[in-house]
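*Asks:* Got a predicted structure here, sequence first:
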Amino acid sequence: MKSLKNLSPTKKILIADLSILFSALLWGGDYIFAKKALESINPGYLNAIRFSVCALILLAILWKRLSRITRFDIGIGLITGLMMFGGFIGQTTGLMLTTVGNNAFITSAYVVLVPFITWGLTKIRPGGNNFLAVLVCIIGIGFLTFEGRSALSRGDLLTLSGAIFFGFELALLGIYAKKMDPFILAFLEAAVVAVLFWIYALSFEKPPIHFDRSLLISMAYITFFGSVVTHIIVTVALKYTSASHGAILCSTEALFGVILAVIFLGERLSWNGWLGSFLVLIAVLTAEVGEYLFKTRTAEVINAKI
């Protein structure tokens, strides 16, 4: 991180954004492996295991820094960890009841929520592009999910609830990650999520009976690439870029997830589904580059220069 501090603000943002984009690619693969794993293990146990391993690995990395943890750090870790828990409950449970494509693109809806949640927390108004992105995203989700139905399916609703929690988590990270050691924040989040999922799994779910080779491979990917690597990258990157940029780039996981689902799971989207997916992607791009088109000077640019 010392080398990053010596770079210009523009280069810091570029490196951070590219790092988050790489994480989004890994998360795209996470949908595939999670869908497969959920055939053999309940979502509570799946997430309890993945985040326990994630927390232990982070603990091994930063155990010498534990004395630096403050009450402020613990408070933020508890709040963002709770939001992250809600996000994964909705996303993973929803994935059992809907397609990878729907799950991925509905989850990406959090991208348009972050600027407005940040607005509520910081009183800094989003740019006009964000309002346009919300409208386009809502239309896109409508095309994607209302095929032959008059309402969202249960799986889609659960996924949407997870997206709302993820929006709050990323907005909070965008505000507080810059004020904390990112590794400590990542560890506290993972630890809180792991504890909550163990409580949830032991209270409401049946434990897995056996771990076959397919499940072990899926769990290995989900744990190390979908949790440890991405969690560290995104938490550190948000120290150098903005919450809205982070949310937008993270949301491209939906595009990667759908492409990988078509290739590896044989999922297919109807014309309405492709149109909805395209509109959600347009919403993402509008929120990402729209600030330049609308010539708004938002808090994201100011914070990124700090």
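*Replies:* All right, it came through fine. Numbers count the residues shown, from 1 in each chain.

*Asks:* From now on I want contacts and neighbour counts done on CA atoms only, so please keep to that.
*Replies:* OK.

*Asks:* Going by neighbour count, list what's buried in stretch 154-174.
*Replies:* Buried residues in stretch 154-174, counted by 16 or more other Cα atoms under 10 Å: 155-174.

*Asks:* Report the mean confidence score over that stretch.
*Replies:* The average pLDDT within stretch 154-174 is 91.

*Asks:* tell me which residues in stretch 13-24 are buried?
*Replies:* Buried residues in stretch 13-24, counting neighbours by 16+ other Cα under 10 Å, are found at 13, 15-17, 19-24.

*Asks:* of all the residues you listed, which comes closest to Ser108?
*Replies:* Relative to Ser108, the closest of these is Ala24; by Cα to Cα it sits at 10.8 Å.

*Asks:* just to revisit the earlier point, pipe the buried residues of stretch 13-24 into TSV and attach distance to Gly120, secondary structure and pLDDT per row.
*Replies:* Below are these laid out as TSV (distance: Cα to Cα, whole Å; DSSP: H, G, I helix; E, B strand; the rest coil; pLDDT from 0 to 100):
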residue	distance to Gly120	secondary structure	pLDDT
Ile13	24	helix	83
Ile15	28	helix	88
Ala16	25	helix	86
Asp17	24	helix	85
Ser19	28	helix	90
Ile20	24	helix	89
Leu21	26	helix	88
Phe22	29	helix	93
Ser23	27	helix	92
Ala24	26	helix	89
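
*Asks:* just the residues you listed now: which is nearest Leu59?
*Replies:* Once Cα to Cα is applied, the member of the buried residues of stretch 13-24 that ends up nearest Leu59 is Ser23, at 20.8 Å.

*Asks:* Now do the same contact list for the closest one.
*Replies:* By Cα atoms under 8 Å, 6 or more residues apart in numbering, the contact set of Ser23 is 229-230, 233-234, 250.

*Asks:* okay, who's weakest in these by pLDDT?
*Replies:* Pick the lowest pLDDT in the contacts of Ser23 and you get Cys250, at 75.

*Asks:* Regarding Met83, what is its secondary structure?
*Replies:* With DSSP: H, G, I helix; E, B strand; the rest coil as the basis, Met83 sits in helix.

*Asks:* meant to ask about Phe183, not that
*Replies:* helix.

*Asks:* Quick check: chain neighbours aside, which residue is closest to Gly273?
*Replies:* Nearest residue to Gly273 in three dimensions, chain neighbours excluded: Leu144, at 4.4 Å (Cα to Cα, 6 or more residues apart in numbering).

*Asks:* How far does whichever strand or helix holds the one you found sit from its chain's centre?
*Replies:* Using DSSP states H and E, Leu144 sits in helix 128-145. In terms of Cα atoms, centre = their mean, to the nearest Å, the centre of helix 128-145 is set 18 Å apart from its chain centre.

*Asks:* what's the answer for stretch 29-48, then?
*Replies:* Relative to its parent chain, stretch 29-48 has a centroid offset of 16 Å by Cα atoms, centre = their mean.

*Asks:* How about stretch 218-233?
*Replies:* Worked out by Cα atoms, centre = their mean, stretch 218-233 lies 12 Å from the chain centre.

*Asks:* buried ones in it?
*Replies:* Applying 16+ other Cα under 10 Å to stretch 218-233 flags 218-219, 221-228, 230-233 as buried.

*Asks:* got it, and stretch 176-187?
*Replies:* By neighbour count with 16+ other Cα under 10 Å, stretch 176-187 contains the buried residues 176-178, 180-187.

*Asks:* With stretch 128-139 instead?
*Replies:* Under the neighbour-count criterion of 16+ other Cα under 10 Å, stretch 128-139 has 128-131, 133-134, 136-139 buried.

*Asks:* Poorly predicted segments of this protein, please.
*Replies:* 1-5, 146-152, 243-244, 247, 288-306 (pLDDT under 70).

*Asks:* Please flag which of the buried residues of stretch 218-233 sit within strands.
*Replies:* Using DSSP state E, no member of these falls in strands.

*Asks:* export the residues you listed to CSV and tack on distance to Leu202?
*Replies:* Shown next, in CSV, are these (distance: Cα to Cα, whole Å):
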residue, distance to Leu202
Ser218, 22
Met219, 19
Tyr221, 23
Ile222, 21
Thr223, 20
Phe224, 23
Phe225, 25
Gly226, 23
Ser227, 21
Val228, 23
Thr230, 27
His231, 25
Ile232, 27
Ile233, 30
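
*Asks:* So which of the residues you listed are in helices?
*Replies:* Using DSSP state H, the members of these that fall in helices are 218-219, 230-233.
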